[in-house]
Structure formats: C-alpha cells, structure tokens
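# have a look at this prediction, sequence included:
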Amino acid sequence: SDPYHYKKSSGINAEYGDTPSYHRRYDFFVSKFSSMCWSNGRNDTIRAVRQAGLRGIQGVILKTVSDDLQVNIWEEVHIQKIMRALLFNIHEGFTNSVASPSQARSMSPWEGENSDVTSDIDPDQLARHVLQDLVSRASYGQIKSLMLPLLYFIDNQKLWVPNKFATHCMSLIMHSIQMSSAYIAIAQLLAHLEEHKDASAKLRCSIVEVVSAAVSIASTESIGPTILELFGSLLKYLKMSVDTCNIENVEVEIIKEEEEFQDTIVQSVGQFSHGLQTYQKIEICTFILQNMPLTTDTEEEIQFESMLLKCIMKITTSVNTNNDKSIGLPTLFPLSLIGPLQRLSLSDSPKTRTMTQQIFHSILDRHNNHEKVVPTVTLGELPEENIFVGPQKKQDVLFFKRNGPEVYFHLYESILKEDNDLDNYTCTFRTAVLWCLEVPVDEVLIELIHMAFGLQDEACSSSRSNVNILHSLVAAFLVFASRYSRNEALDQHITNIIRKRQSEKPHLLPQVAFSAIDKDSEFDNAVEESLSSVMFDATVVAECLNQQGMNVDRLSDPYHYKRAAIPRTPESVKSLRVSMLDARVSDVQISLQEEITFDTLKQALQHRQQMALATNNSSKERLLSHESYEDSVARTAEKMSHITALKQQIFSSFKGGEVSPTESLHSLIDLDNLTNLSIDLPDMYVY
C-alpha cells in the first residue's frame, strides 16, 4: 500500500508467473496516485501524502511507458490526470520561489528515480523531476498529449498574465524534450494562440512571450520543417493586430496594448531565426517580403509594411554574426530577395526607404564596416585599419556584373527623392560604399563614380530643393573613390576642388549641407550663377583612372539605366495591370491582387473563345427551333451556290475562262510526271 515500495517494485520485470502481463491493470493506480497529489488534509500529512502520490505516478510511468501491453498513459483520460497533478504541485511551490531555466537545465530527468533515500524532498521539486522524466520519454506523436493539459491548466488557473509560471513550465519541457520534436511544442503554443485570437492584447502578448522563451531554448538546433508555417502564423497575428489598431473609435489603451503585442511578435521573429543557418534566414526574409501589401494606400497597409520590415531587420541583424566570410553574394541576395528590396528602396515613405537600406547593410556588410562609413569630407590620410576591404571572390564579381548597374541605379533614384531626411542620405551613401568594399574590383568603383557624376549632372541641370545635398554627396563619393583607389593624381584633383568649396561654396560640402536639413539656412535652395570652378571634372577623373589601368569607357556616357522605364513601384504595377485588363480582357473579372501570369492570360483567352462558341451555338439552336424545313433547305441551297461560285472564280484564275472543277483538276496535274511523285514516297508506304 506504500507508493514508495510500489515505485521501487515497478522496476522488477515479472518474467515468470501464472498471470500474463496484459491482465494486470494500472488504471486504478493512475487515478489513486493522482488524487493523492491533491491532498489537502492536515498540515503534518499533506507533504507526505503528496510525496507518496508523486512517487506512485513515477512508478506507473516506469512500469507502463515502455510496455505496449499495458495501459497507454498517453491517452487523454490518463495523461490529463497525471499532468494536472504534477502542475498543481509545481504551481504550489512556484508561488514561493521560481526556479531559473539554468537550474532546470542542470536537473537530470532521471534524478527522481535515484532519489528514493531523499524522503524529505519538496513535492514541487519532485513534481518537476517527474515531469521532466515524463517529457523525456515522450515520442514524436505524444508531444501534443503533453501540451494540451498544460495549456488548459494555465487557462483555467488564469496564469498567462503574468506569464512567469507558463514560461517556467515551458522551460522545463523544452530542456527535457527531444530536440528533433521541439518545434511541435512551439507549434502547439501557436495553435493555442489561435484559440485566443479574440482575447485581450495582454494575454496574447504573454503567450507570444512564452513562445519566444521556448524558441530561445530550441534555437540551438533546427526547429523543424514547418518553420515557414510558424512564421506565417506570427505574421497573421501581426496583421490582425495592425487592423485592430486602425478600427474607428478604438480606445487609446487598446492601441497601446496592441502595439506592445506587435513589438513582442517582432522580438519573437528575431528569436526564431537566431539559431538558423544563413540560407534559412534569407528564405524567411523572402517569405516575409511575399506578404508585403501590394499598395500602401491605407494607414493599416503602411503600418503593416513597417512591421514586416522590422521583422526582416531583426532577422538580418544575425546574418553575419557567425563571422562566416565565405558566404557569397548570390546566396545572400537571391533574385527573390534583392528585387523586392530594391522596389522598397524607392517607396514613397522615407521611413521605409531608410529601413530598406539598413537591411542591405545587415546582409551586405560581412566585415563590420557600415558604422565606419559616413558621408563626410576630410583631407589627409586615413588610417589603413579604419576600413576593412574584403577579398575578391569570383562568385561576387559575377553577381555584380549581372546586377551591379541595376543596384546603383536604384541607389541613384533613391538619392534623388526630395523628401529624404538625413537618415535616408546617410544610409544610401553607406550602401553604395559597402558594395565597393565587399566586391573590391574596378567595375564597382567605376559604377560608383559614374553614379556620382550622374548626380552632379542632375543637380546642375535641375532646380531641386536638395541640390546642395546632391553636390555634397558627390564630393563624399569621390573622396572615398580617391582614397579607395590609392590614385595620387585623382586625389590631387579631388583635394583641389574640396579646398575651393571650403573657401567659396561651403554649403556644397556634407558638413554644412547635412546640418541644414530641416533647418532654415542662408544656403537653402540657393540659385548659383556659375559653379563650374567648384565642380568635379569627369574627364580629369577618367584620365586619372585610365592611367591606373581601369576601363573608363562608361564615364564618357550620360548616366542612365536602360530598364528605367519599367515600373518599379506597387502603384505603377497596379496601374499597368488595370490598363492591361481594360484593353485585353475587359470581359473577364480578375482581381487586382492576382499576379498577371501566362496561365492567367491563357485562361482569359480560353474564356473568351468559350463565350463566343456558346453564343454561336445558342443562336443556331434558336434558328433551328423556329425555322421551317423549307426555309432551312432554301438557306442551305443559297449557301451552296455561294460556295460553287467561289470555286468557279478560283479555277478560272488558272485558265482564263470558266471550266468545270473536274477539267481544271486534270489540267493542274501532269499525269506523265506522276511517277516522279511516287518516287519521293518511302517504300514502306507503297502498296
């Protein structure tokens, strides 16, 4: 009757006996030991009874978990009793002191098995041991059976807010579970979040925090093949929260709670991706970009786009933290990633453009240079260790040859935006320079200089409000180019122009031009009569670089990109779709959210053909149903006479008069040469 002795005897295998093992029943023990764990009698007996119940449960686990002929403790009726009993005792002790995850990790799942002599162990400590033992024995398909009782216990006891107990229990489970099955527990948490999608933002935020804590434990290994589904779930809840914030007459307190929930999701996304490989992080970024709204016409679309960019920034901050410099640009920038990022770099929102360039920095900068690269002009030598130039890689060079002109064209267009702020200019400058540092070949430097002179030509030929900024950026680009190329002649030319600007036109240098942004300045929008003396000479720069052995043919051409006419914003793409639908398939209703693909156009054309055929058939049916037999014969004879006249006209064109079809046919075929025709046929076809 003593559960202590029962637990001890549970390890004895009854190999010999008259009663088969499948005749032994343990259902009674599960119920009895579980009820003992809830003992609430006299204070001097509560501890002993609960200890006995917990040891009895551990004995049942040892006896039945590996015996297929015994009661299946993973069935709902049994596992719920066991889990509730364990969680009740853990919660009782948790109210007084909370064990840290590191302490839980140091506990062996089988420590409870070897603690027979420790009769005075606290029930909550023993319950944690039994729980870890149970979880460690759970197979792939039994994780859900463990998680459901835990989640429902927390729901019933209202322990999500605050979520310290929930986090503690998940840490116990994640430290004991088989890592190959860890993502199932996380998926179960997200499924539970779906059940509470209409709950308060605080409760949902607490659940997401527990998810984040669980992921931080499981991130040492892959969290499973359904990783994109997990990210998809988080993005869905993020979209729902953004929509809630934009409901009319919503309370300010609710908006604050929803914003806190959104920030928690962003942090969780970063935790999810922290332990993944680089290529997996890039795939996740691509997946998130595919969920970007096509347009940003409404406030919720703008906010959702901003939150998705924050998620990508969280992921990309850890792309280069493993210091793996061997990863090439084709892996870091697949077309499915660099294309959408380039389109976002031309967004109408300055904030979106800034975050996009920061994403480029996180992925592109493999040598931690972006903090050192600033758009400033300083004369004199820079210390060599200030900026690290990456090694030359063939795969990076080939990547830039394919995509380099388009990359710098988007930077050019982004710089020309007149609503840019200081962060926009600084981040775009860094991106342009980082390409040179990560792909240290002449082609990249020539492309940078070509873009700089394109900006100078645009600033001199237009009346933009940011003319001074453009001239100052050109100076910063060329100063970097002269130091980067180690070209003394080029450096001398750049230095001369900089000194002239310092004395005559200081507002054309970054130190003054950038300080005047968003401020009233005497130099703002100044109309210059003549700037030729303080402008950089493209011919001189080309000669200096040519002497160094570089191919400078591109510098003699005006800066442009041949694909500049292609729409690159969601708004222009939408207008293109509308015009295509109006002009080509006006009778087919296609949603603007659907991509115009080959299959879509094929279906549209087939639909029109089917509609025309159906209309023709319906007209014939109406005609036959209302027309008499005599009218049908007359109409057919009229059609045949028209066909006969047409044949006569065709045959008469070969012999200048009217002939019968038979005569004309014999006149066209040369019977004497008929054998020549038969010779051309293979023998196998001659009968």
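Perfect, I can see it now.
# check which helix or strand covers residue 187.
Here residue 187, judged by DSSP states H and E, is contained in helix 182-195.
# what's the first helix or strand after the lowest-mean-pLDDT helix or strand in the chain?
Lowest mean confidence among the helices and strands of the chain (mean pLDDT, DSSP states H and E): helix 101-106, at a mean of 43. Downstream of helix 101-106, the first helix or strand assigned by DSSP H and E is helix 123-136.
# now whichever helix or strand comes after that next one: buried residues?
The C-terminal neighbour of helix 123-136 among helices and strands, as given by DSSP H and E, is helix 143-156. Across helix 143-156, burial judged by 16 or more other CB atoms under 10 Å covers 143, 145-151, 153-154. Backbone N, C-alpha and C define where each C-beta goes, glycine included.
# tell me what angle helix 143-156 forms with helix 123-136.
Counting by axes from the mean of the first three to the mean of the last three CA atoms, to 10 degrees, helix 143-156 lies at 150 degrees to helix 123-136.
# wait, residue 293 sits on residue 304?
Yes - using CB atoms under 8 Å, residue 293 makes contact with residue 304 at a distance of 6.0 Å.
# these two: which is more packed in?
Neighbours were tallied for residue 293 and for residue 304 using other CB atoms under 10 Å; the higher tally belongs to residue 304 (23 against 17).
# keeping just the C-alphas, turn the host helix or strand of the more buried one into CSV.
Assignment of secondary structure by DSSP H and E places residue 304 within helix 299-316. Once non-C-alpha atoms are left out, helix 299-316 reads as follows in CSV (Å, rounded to 0.1, in the frame of the first residue of the first chain):
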residue,chain,number,x,y,z
GLU,A,299,-2.9,53.5,-42.9
GLU,A,300,-3.1,49.9,-41.9
GLU,A,301,-1.2,48.9,-45.0
ILE,A,302,1.6,51.4,-44.2
GLN,A,303,1.8,50.1,-40.6
PHE,A,304,1.8,46.5,-41.7
GLU,A,305,4.6,47.2,-44.2
SER,A,306,6.6,48.9,-41.5
MET,A,307,6.2,46.0,-39.0
LEU,A,308,7.2,43.5,-41.7
LEU,A,309,10.4,45.5,-42.4
LYS,A,310,11.1,45.5,-38.6
CYS,A,311,10.8,41.7,-38.6
ILE,A,312,13.3,41.4,-41.5
MET,A,313,15.7,43.8,-39.7
LYS,A,314,15.5,41.5,-36.7
ILE,A,315,16.4,38.5,-38.8
THR,A,316,19.1,40.1,-40.8
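# could I get the pLDDT score of residue 567?
pLDDT, residue 567: 41.
# wait, I meant residue 349
Predicted confidence (pLDDT) for residue 349: 93.
# then residue 622?
67.
# before we move on, what about the one 4 residues further on?
We have a pLDDT of 69 for residue 626.
# how near is residue 161 to residue 200?
According to CB to CB, to the nearest Å, residue 161 and residue 200 sit 8 Å apart.
# again, but for residue 606
51 Å.
# more neighbours, the two?
Shown here are residue 606 and residue 200; by other CB under 10 Å, residue 200 has more neighbours (15 against 10).
# quick one: contacts for the nearest residue to the more buried one once chain neighbours are set aside?
The shortest distance from residue 200 to any non-neighbouring residue, by CB to CB, 6 or more residues apart in numbering, is to residue 257 (6.9 Å). Shown in contact with residue 257 (CB atoms under 8 Å, 6 or more residues apart in numbering): 200-202, 205.
# how near is residue 257 to residue 27?
Counting by CB to CB, the gap from residue 257 to residue 27 is 46 Å.
# and if you look at residue 293?
Residue 293 sits 55 Å away from residue 27, taking CB to CB as the criterion.
# returning to that earlier point: which of the contacts of residue 257 are buried? Put it as a ChimeraX command.
Of the contacts of residue 257, the buried ones can be selected in ChimeraX as follows, counting by 16+ other CB under 10 Å:
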select :201,205
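# may I see the buried residues of the strand or helix carrying residue 267?
Assessed by DSSP H and E, residue 267 sits inside helix 252-274. With burial defined by 16+ other CB under 10 Å, the residues of helix 252-274 counted as buried are 257-259, 261-262, 264-274.
# then it to CSV, C-alphas only?
C-alpha atoms of helix 252-274 as CSV (Å, rounded to 0.1, in the frame of the first residue of the first chain):
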residue,chain,number,x,y,z
VAL,A,252,-6.1,54.6,-26.7
GLU,A,253,-5.4,51.9,-24.1
ILE,A,254,-6.2,49.1,-26.6
ILE,A,255,-3.9,50.7,-29.2
LYS,A,256,-1.0,50.8,-26.7
GLU,A,257,-1.6,47.1,-25.8
GLU,A,258,-1.7,46.1,-29.5
GLU,A,259,1.5,48.0,-30.2
GLU,A,260,3.1,46.1,-27.3
PHE,A,261,1.8,42.9,-28.8
GLN,A,262,3.3,43.8,-32.2
ASP,A,263,6.7,44.5,-30.7
THR,A,264,6.6,41.2,-28.9
ILE,A,265,5.9,39.4,-32.2
VAL,A,266,8.9,41.2,-33.8
GLN,A,267,11.1,40.1,-31.0
SER,A,268,9.8,36.6,-31.3
VAL,A,269,10.6,36.5,-35.0
GLY,A,270,14.2,37.5,-34.2
GLN,A,271,14.4,34.7,-31.6
PHE,A,272,13.0,32.2,-34.1
SER,A,273,15.7,33.0,-36.7
HIS,A,274,18.7,33.4,-34.3
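# just the mean pLDDT for that helix, thanks.
Rounded mean pLDDT across helix 252-274 is 90.
# in whichever helix or strand comes after it, what's buried?
Going down the chain from helix 252-274, the next helix or strand is helix 278-290, by DSSP H and E. For helix 278-290, burial by neighbour count (16+ other CB under 10 Å) applies to 278, 280-286, 288-289.
# mind putting those into JSON lines with pLDDT and distance to residue 449?
Formatted as JSON lines, the buried residues of helix 278-290 follow (pLDDT from 0 to 100; distance: CB to CB, whole Å):
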{"residue": "278", "pLDDT": "88", "distance to residue 449": "32"}
{"residue": "280", "pLDDT": "86", "distance to residue 449": "37"}
{"residue": "281", "pLDDT": "90", "distance to residue 449": "33"}
{"residue": "282", "pLDDT": "92", "distance to residue 449": "30"}
{"residue": "283", "pLDDT": "90", "distance to residue 449": "35"}
{"residue": "284", "pLDDT": "91", "distance to residue 449": "36"}
{"residue": "285", "pLDDT": "93", "distance to residue 449": "31"}
{"residue": "286", "pLDDT": "93", "distance to residue 449": "32"}
{"residue": "288", "pLDDT": "94", "distance to residue 449": "35"}
{"residue": "289", "pLDDT": "94", "distance to residue 449": "31"}
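# which residues does the spatially closest residue to residue 243 that is not a sequence neighbour contact?
Leaving aside its chain neighbours, residue 243 sits nearest to residue 300 (5.6 Å; criterion: CB to CB, 6+ apart). Contact analysis of residue 300 by CB under 8 Å, 6+ apart lists 242-243, 245-246.
# got a quick ChimeraX command for the buried subset of these?
Provided next is the ChimeraX selection string for whichever of those are buried by 16+ other CB under 10 Å:
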select :242,245,246
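# picking that back up, tell me the helices and strands packed up against the helix holding residue 187.
Packing partners of helix 182-195 (3 or more CB pairs under 8 Å, 6 or more residues apart in numbering; DSSP states H and E): helix 143-156, helix 164-176, helix 201-218, helix 227-245.
# which residues are in contact with it?
140, 143-144, 146-148, 151, 170, 173-174, 177, 204, 207-208, 210-211, 214-215, 217-218, 221, 223-224, 226-227, 229-230, 233-234, 237.
# extract the C-alpha set from it and format it as CSV.
Provided in CSV are the C-alpha atoms of helix 182-195 (Å, rounded to 0.1, in the frame of the first residue of the first chain):
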residue,chain,number,x,y,z
ALA,A,182,10.8,20.7,-30.1
TYR,A,183,9.1,22.5,-32.9
ILE,A,184,5.9,20.5,-32.2
ALA,A,185,5.6,22.1,-28.8
ILE,A,186,6.1,25.5,-30.3
ALA,A,187,3.5,24.8,-33.0
GLN,A,188,1.1,23.8,-30.2
LEU,A,189,1.7,27.1,-28.5
LEU,A,190,0.9,29.0,-31.7
ALA,A,191,-2.2,26.9,-32.2
HIS,A,192,-3.3,27.8,-28.7
LEU,A,193,-2.7,31.5,-29.6
GLU,A,194,-5.1,31.0,-32.4
GLU,A,195,-7.8,29.9,-29.9
